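Engineer: My questions concern the predicted model and sequence given below.
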There are 2 protein chains.
Amino acid sequence: MRSVMAEMVYSIQDEICQRLSEIEQVDYREDEWVREEGGGGRSRVFSDGTVFEKAGVNVSVVQGTLSPQAAKSMGGGHELGDADLDFFATGLSLVLHPKNPMAPTVHANYRYFERGDGTKPGSWWFGGGADLTPSYLFEEDAIHFHQVHKEVCDRHPVADHSKFKQWCDDYFFIPHRGERRGLGGIFFDNINQAEQKECFDFVKDCAASFLDSYLPILEKRIGMDYTPEQKTWQQIRRGRYVEFNLVYDRGTTFGLTTNGRIESILMSLPLTSRWEYCHDPEPDSPESELMHVLKNPRDWV
Amino acid sequence: MRSVMAEMVYSIQDEICQRLSEIEQVDYREDEWVREEGGGGRSRVFSDGTVFEKAGVNVSVVQGTLSPQAAKSMGGGHELGDADLDFFATGLSLVLHPKNPMAPTVHANYRYFERGDGTKPGSWWFGGGADLTPSYLFEEDAIHFHQVHKEVCDRHPVADHSKFKQWCDDYFFIPHRGERRGLGGIFFDNINQAEQKECFDFVKDCAASFLDSYLPILEKRIGMDYTPEQKTWQQIRRGRYVEFNLVYDRGTTFGLTTNGRIESILMSLPLTSRWEYCHDPEPDSPESELMHVLKNPRDWV
């Protein structure tokens, strides 16, 4: 499974970057990197292009030894306790921040984890998900994004869309703001309740469906007109994205404390962001409509 | 001491805001706020003015009950263990982010803490400090800032400048970047090794010297010419400021997890910031000169 999953994520990275390259005027910068403790990865980042302010698609295939504390904070492997701290992890992680404030940011991640040699019960698992973070709410976009992910889940008995949708709303919560980072999507972890091949097929299907879930939205929004005030609002929303990622995101905090490749971990941060003191959107404005749904998540499908 | 310290910080807030109002074209916005669990504060923030991108000067006077975990993470009171979890805290906290990239950001904080009724050994202490965060290194500015703080320390037997300077370099370290947030200054905590009045006099002297340590630097730099590239570099440095504050700063993380007033806590964040993928300053440039000193702190006095 180690090599099957690694092959899959490298190939999805190629496919996604290929399509993004067709949309974007600039080409991506590629960095292959090696991790001192074992393994490495391949980061591809589009910077300051026509469509994207910043867009990164990372693959990593790493191995090493967990601290017992790091092992405790993981999504799976709890059956193992402090045993089998050697780990293997591979995954793809992407974040796309479009320039146009009408076009939403999107994040997706597909990962496989093993502890020890991956043979004991609970010693391997999959995780992943995708979520949409707009600055302005277009209901049809939210419905489309959630619909595609529901259809993927419905094709796989190991997946439970309503559970994964709820998990996503819970995971991307920013407690100090009382709001979610975005409109959600799906989030899942510790997936090992079926044969390994079945679990893999689900995650592969998620990854293969990513472009379908996002590109139609992007294409509808990138040509829209916007005002400087709408750009400023996007920048304030970017600030909240930074708050979530630096304070709460498990992947980010895990990477920062385990000597990961900093530039790949923080590639998720937007190119620019803004913090205005006591900024409150006008009542009944499109901005406050977004805030309402970030505070009160909806079922979109 | 509770009321003596609170009076001092309110009066220093007035003095500092008065001077900043003379320099800045916009007036500050003032918010008096009340904390549900007890106490409150007074925040004053200058936004998007001529001189400052954002500048906030906060006073808080709060009380409540600590969780044993919060008590453990504090700077003092370790003698008390899990006893006397009722606390009282008052302090002034300021962050000034000038627009001009040649003018450094500055942060200062002066605080007093009590647990229980403040009579047991180790149940009261002072903390504080001030540190300078430039985007470009002007050695004379660093020397001036450190010199003023050394003189304050030298006037008070309870203070130890070289220890507090080192503490500052250690505290503002960003491990995942291998660099410090800025050029340091002084940082101290758990100050209770002399009579309470002596400790207070030291902290009061620090607070009263703040404007002397910073204003001459600001006045020299605010009129300087700069290029768009230098402004971009400042924005990247702002990003590192955000990284430190959201990931490592004890005051920020304490506030985020203890239901503090979010807008006052995050007032420290810059108005705008920037994350460029794999940005590396040119060798021998002024930007890399700054990076060198952030990675290798110097003794300035």
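Structural biologist: Good, I have the coordinates. Residues are numbered from 1 along each chain as shown, chains lettered A, B, ... in the order given.

Engineer: Check which helices and strands the one helix or strand residue A:94 maps to sits against.
Structural biologist: Secondary-structure assignment from DSSP states H and E places residue A:94 in strand A:86-98. Applying 3 or more C-beta pairs under 8 Å, 6 or more residues apart in numbering or on different chains; DSSP states H and E, one finds that strand A:86-98 contacts helix A:2-23, strand A:52-65, strand A:105-115, helix A:196-221. For the C-beta atoms, the positions are set from N, CA and C on the backbone; glycine is no exception.

Engineer: For residue A:133, give the beta-bridge partners.
Structural biologist: residue A:105 (DSSP bridges).

Engineer: ugh, wrong one, residue A:52
Structural biologist: With DSSP bridges as the rule, residue A:52 is bridged to residue A:98.

Engineer: show me the contacts for it.
Structural biologist: A:20, A:24, A:46, A:96, A:97, A:98, A:99 (C-beta atoms under 8 Å, 6 or more residues apart in numbering or on different chains).

Engineer: Show me which of those is closest to chain B.
Structural biologist: Closest to chain B out of the contacts of residue A:52 is residue A:46 (9.1 Å), distances taken as C-beta to the nearest C-beta.

Engineer: Neighbours of the closest one, how many?
Structural biologist: 26 (other C-beta atoms under 10 Å in any protein chain shown).

Engineer: Specify the local secondary structure of it.
Structural biologist: strand (DSSP: H, G, I helix; E, B strand; the rest coil).

Engineer: wait, it sits on residue A:20?
Structural biologist: Yes - the criterion here is C-beta atoms under 8 Å, and residue A:46 meets it with residue A:20 at 6.5 Å.

Engineer: list residues touching both of these two?
Structural biologist: A:28, A:52, A:55.

Engineer: separation between the last one and residue A:296?
Structural biologist: I take that to be residue A:55. Distance from residue A:55 to residue A:296, counting by C-beta to C-beta, to the nearest Å: 30 Å.

Engineer: Looking at those two, which has the bigger crowd around it?
Structural biologist: The residue with more neighbours, out of residue A:55 and residue A:296, is residue A:55; 28 against 9, by other C-beta under 10 Å.

Engineer: give me every residue that touches the more buried one.
Structural biologist: A:20, A:24, A:28, A:45, A:46, A:49, A:94, A:95, A:96, A:97 are the contacts of residue A:55 under C-beta under 8 Å, 6+ apart.

Engineer: How about the contacts made by the closest residue to chain B within the stretch 1-150 of chain A?
Structural biologist: Nearest residue of the stretch 1-150 of chain A to chain B: residue A:45, at 4.5 Å (C-beta to the nearest C-beta). By C-beta under 8 Å, 6+ apart, residue A:45 lies in contact with A:28, A:29, A:31, A:54, A:55, A:56, A:57, A:267, B:277, B:278.

Engineer: Report pLDDT for it.
Structural biologist: pLDDT recorded at residue A:45 is 96.

Engineer: can you check residue A:66 too?
Structural biologist: At residue A:66, the model reports a pLDDT of 85.

Engineer: now residue A:256
Structural biologist: At residue A:256, the model reports a pLDDT of 84.

Engineer: again, but for residue A:71
Structural biologist: Looking at residue A:71, its pLDDT is 81.

Engineer: Secondary structure class of it, three-state.
Structural biologist: Per three-state DSSP, residue A:71 ends up helix.

Engineer: Hmm, residue A:83 and it touching each other?
Structural biologist: No - counting by C-beta under 8 Å, residue A:83 is not a contact partner of residue A:71; they are 9.3 Å apart.

Engineer: Just want to know which of these two has more residues nearby.
Structural biologist: Using other C-beta under 10 Å, the more surrounded residue of residue A:71 and residue A:83 is residue A:71, with 20 against 14.

Engineer: Skipping adjacent residues, who's closest to residue A:242 in space?
Structural biologist: residue A:273 (5.2 Å; C-beta to C-beta, 6 or more residues apart in numbering or on different chains).

Engineer: Can you list the strands that the helix or strand harbouring the one you found pairs with?
Structural biologist: For residue A:273, the host element (DSSP H and E) is strand A:272-274. Here strand A:272-274 has these sheet partners by DSSP bridges: strand B:272-274 (antiparallel).

Engineer: Quick one: name whatever helix or strand follows the partner strand.
Structural biologist: Per DSSP H and E, the helix or strand that comes after strand B:272-274 is helix B:286-295.

Engineer: How about residues contacting that next one?
Structural biologist: B:134-137, B:178-183, B:233, B:237, B:281-282.

Engineer: let's go with 7 Å and repeat that
Structural biologist: B:134, B:135, B:136, B:137, B:178, B:179, B:180, B:183, B:233, B:281, B:282 (C-beta atoms under 7 Å, 6 or more residues apart in numbering or on different chains).

Engineer: And the contacts of residue A:45, which of them are buried?
Structural biologist: Buried subset of those (neighbour count, 16 or more other C-beta atoms under 10 Å in any protein chain shown): A:28, A:31, A:54, A:55, A:56, A:57, A:267, B:277.

Engineer: For the stretch 1-150 of chain A, what lies in contact range of chain B?
Structural biologist: Taking C-beta under 7 Å from any C-beta of the partner chain as the contact definition, the stretch 1-150 of chain A meets chain B at A:45, A:47, A:54, A:56.

Engineer: again, but for the stretch 201-301 of chain A
Structural biologist: Counting by C-beta under 7 Å from any C-beta, the residues of the stretch 201-301 of chain A close to chain B are A:242-243, A:246-247, A:256, A:262-263, A:266-267, A:269-278.

Engineer: Drop anything exposed from those residues.
Structural biologist: Applying 16+ other C-beta under 10 Å to these flags A:242-243, A:246-247, A:256, A:262-263, A:266-267, A:269-277 as buried.

Engineer: Could I get the buried residue list for the worst-scoring helix or strand of chain A on mean pLDDT?
Structural biologist: Sorting the helices and strands of chain A by mean pLDDT, DSSP states H and E puts helix A:68-72 at the bottom, at a mean of 80. With burial defined by 16+ other C-beta under 10 Å, the residues of helix A:68-72 counted as buried are residue A:71.

Engineer: which ones are touching the residue lying closest to residue A:66 once chain neighbours are set aside?
Structural biologist: Once flanking residues are discounted, residue A:66 sits nearest to residue A:85: 4.6 Å by C-beta to C-beta, 6+ apart. Neighbouring residues of residue A:85 by C-beta under 7 Å, 6+ apart: A:65, A:66, A:68, A:71.
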